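K.L.:
Give me a model of this one.
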Amino acid sequence: MRIGINASFLRKPDTGIGQVTRGFISEIVKNHSDQNEYFFYLEDAIDFKLPKNFHKRIFLPVWKRDDLIRKIWWEKFLLPKYVKRDQCDMLISLYQCPTFLPKNIRHKMLVHDLIPKIFPDYLDNSRKKFYFFLTQKAIQHADEIITVSEWSKKDIHKFLDIPLGKIKTAYPSIGEEFFEKSSSEKDNQIIEKYGIFGRYVFYIGGFDFRKNVPGLLEAFARLLENYEVSDIKLVLGGEAKSQFSKLFTDAKKEAEKLGIADKVSLIGFVKQKDLPALYRNCELFVLPSLYEGFGLMPLEAMASGAPTAISKNSSLPEVGGDAVLYFNPHDTDEMARVMGKVLRNNKLRLRLAEKGVGRAKKFSWKSFVEKFFEK
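P.N.:
The predicted structure follows:
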């Protein structure tokens, strides 16, 4: 069989889709079938050492600017052309996109979430609306949908009227670096590089409104006020984009309003290779999100041995199981109470850390990839 794989997001390794793409590609290269020919469709070169039955196809449209025009051109027009030229029997798209294929080429599409259906504010201009419209049509046209949680499966069925029998759930995993041990010396070098000193609660992710960073900041202010943990800081990792869109929180301004600016450290973008150290050394990892299609960050935190507290909504209980503590993300008093409970109880922190590592080991790239090749 000749199998094409849209691996475009390998060029964005620090995104969630980029991490899932890398995990999928690494697994398929390691445990591939010699009976198949594989074609990776890319926008940039990759650093994988590939077996002889793997082929790279790197191409870009004439329009080189990295925007939605290029994205549509690449996914809707160029990609199908190359898939047909390589005479593929099947294409695996590792994210939802507007790719349409003729019926003689089987198309399996990984749909991570339908966030614009739940939060229409994300479609804040005509280009985004047009791209999402094309993507919905392509999802409905695909032969099979794979998604990353039972929650997302229900959403796809509900919003796109796709039969449940056409949708499979495949839970992704994370990089091996999150399970590895490290020396205190190396970890301290990384932590100090980001200007972190002393005990800290850690958050990593976006600052768009779905992530509920204002709720976390308010809960942290109440934690400091009511739970006698004045030695703790809140470390927020991620790129600040409030100057570009109203969808993003200005965390610095919010912290100043709450009078906790001296207790909040904004460390900006964190390199993927540095993340395990930041998880390993935090007192608690918190994810206050209002919605997640899966939620890689809690899985990374658990694998790294970080005590973890997350929102009890959407797909997150599927990830955390009984290895984390939950809170209502709309209730900042409850969020503060859960954080205080963990920070003031060493035995609880150790128990959560141990259970988290065990829980994270249940997610594997092998089982994830196998779902794509089931008949």
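K.L.:
Need phi/psi at residue 38.
P.N.:
Main-chain dihedrals, residue 38, degrees, to the nearest 10: phi -120, psi 140.
K.L.:
Pull the contacting residues for it.
P.N.:
Applying CB atoms under 8 Å, 6 or more residues apart in numbering, we find residue 38 in contact with 3, 4, 5, 28, 32, 53, 54, 55. In short, each C-beta sits where N, CA and C put it, glycine included.
K.L.:
how close does it get to residue 138?
P.N.:
The span separating residue 38 from residue 138 equals 22 Å under the rule CB to CB, to the nearest Å.
K.L.:
Residue 306 too?
P.N.:
Counting by CB to CB, the gap from residue 306 to residue 138 is 37 Å.
K.L.:
ok, the two, which is more surrounded?
P.N.:
When residue 306 and residue 138 are compared on other CB atoms under 10 Å, the one with more neighbours turns out to be residue 306, at 27 against 20.
K.L.:
Secondary structure element holding that one?
P.N.:
Residue 306 belongs to no helix or strand when elements are defined using DSSP states H and E.
K.L.:
Report the contact partners of it.
P.N.:
Applying CB under 8 Å, 6+ apart to residue 306 gives the contacts 202, 279, 280, 282, 284, 285, 353, 356.
K.L.:
Show the model's pLDDT score for the nearest residue to residue 264 once chain neighbours are set aside.
P.N.:
For residue 264, the nearest residue in space outside its immediate sequence neighbours is residue 255; the separation is 4.2 Å by CB to CB, 6 or more residues apart in numbering. For residue 255, the model assigns a pLDDT of 97.
K.L.:
Please verify my assumption that residue 255 contacts residue 265.
P.N.:
No - contact between residue 255 and residue 265 fails when scored by CB atoms under 8 Å: they sit 9.6 Å apart.
K.L.:
ok so, going back, name the element the residue nearest to residue 264 belongs to?
P.N.:
Taking DSSP H and E as the definition, residue 255 sits inside helix 251-258.
K.L.:
Could you pull up the residues touching residue 323?
P.N.:
Shown in contact with residue 323 (CB under 8 Å, 6+ apart): 302, 308, 352, 355, 356, 358, 359, 360.
K.L.:
Just say helix, strand or coil for it.
P.N.:
The local conformation at residue 323, judged by DSSP: H, G, I helix; E, B strand; the rest coil, is coil.
K.L.:
Retrieve the pLDDT associated with it.
P.N.:
Among the per-residue scores, residue 323 shows a pLDDT of 98.
K.L.:
Per the annotation, how does this protein divide into domains?
P.N.:
The chain is divided into the following domains under automatic domain parsing: 2-170, 177-360.
K.L.:
Pull the distance from the last one to the chain's centre.
P.N.:
Put simply, domain 177-360 sits 15 Å off its chain's centre (CA atoms, centre = their mean, to the nearest Å).
K.L.:
do the same with the shortest one
P.N.:
For domain 2-170, the gap between its own C-alpha mean and the chain's C-alpha mean amounts to 15 Å (CA atoms, centre = their mean).
K.L.:
Quick one: end-to-end distance for that domain.
P.N.:
Across its full length, domain 2-170 reaches 22 Å end to end, with CA to CA, to the nearest Å as the criterion.
K.L.:
ok so, going back, show me what the following helix or strand past the helix holding residue 255 packs onto, helices and strands only.
P.N.:
Heading C-terminal from helix 251-258, the first helix or strand you meet, by DSSP H and E, is strand 264-268. Under the contact definition 3 or more CB pairs under 8 Å, 6 or more residues apart in numbering; DSSP states H and E, strand 264-268 sits against strand 233-237, helix 251-258.
K.L.:
what does the next helix or strand after strand 264-268 contact?
P.N.:
On the C-terminal side of strand 264-268, the closest following helix or strand by DSSP H and E is helix 275-280. The contact list for helix 275-280, computed with CB under 8 Å, 6+ apart, reads 177-178, 180, 182, 186-187, 190-191, 194, 196, 202, 204, 235, 237, 270, 285, 300-301, 304-306.
K.L.:
which residues of the stretch 151-300 of the chain fall in strands?
P.N.:
167-169, 200-204, 233-237, 264-268, 284-287 (DSSP state E, counting those that start in this stretch).
K.L.:
which other helices and strands contact the shortest one?
P.N.:
Right, the one you point to is strand 167-169. Where contact means 3+ CB pairs under 8 Å, 6+ apart, strand 167-169 is packed against strand 144-147, helix 150-160.
K.L.:
please redo it, this time with the cut-off set to 10 Å
P.N.:
With contacts defined as 3 or more CB pairs under 10 Å, 6 or more residues apart in numbering; DSSP states H and E, the packing partners of strand 167-169 are strand 106-111, strand 144-147, helix 150-160.
K.L.:
swap in the last one?
P.N.:
Of the remaining helices and strands, those touching strand 284-287 by 3+ CB pairs under 10 Å, 6+ apart are strand 200-204, helix 213-226, helix 296-303, strand 308-311, helix 316-320, strand 325-327, helix 332-343, helix 346-360.
K.L.:
List every C-alpha atom in it, with coordinates, as PDB.
P.N.:
Extracted in PDB, the C-alpha atoms of strand 284-287 (Å, rounded to 0.1, in the frame of the first residue of the first chain):
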ATOM      1  CA  LEU A 284       1.800  22.300  41.600                       C
ATOM      2  CA  PHE A 285       0.900  22.500  37.900                       C
ATOM      3  CA  VAL A 286      -2.500  24.100  37.300                       C
ATOM      4  CA  LEU A 287      -4.600  24.200  34.100                       C
END
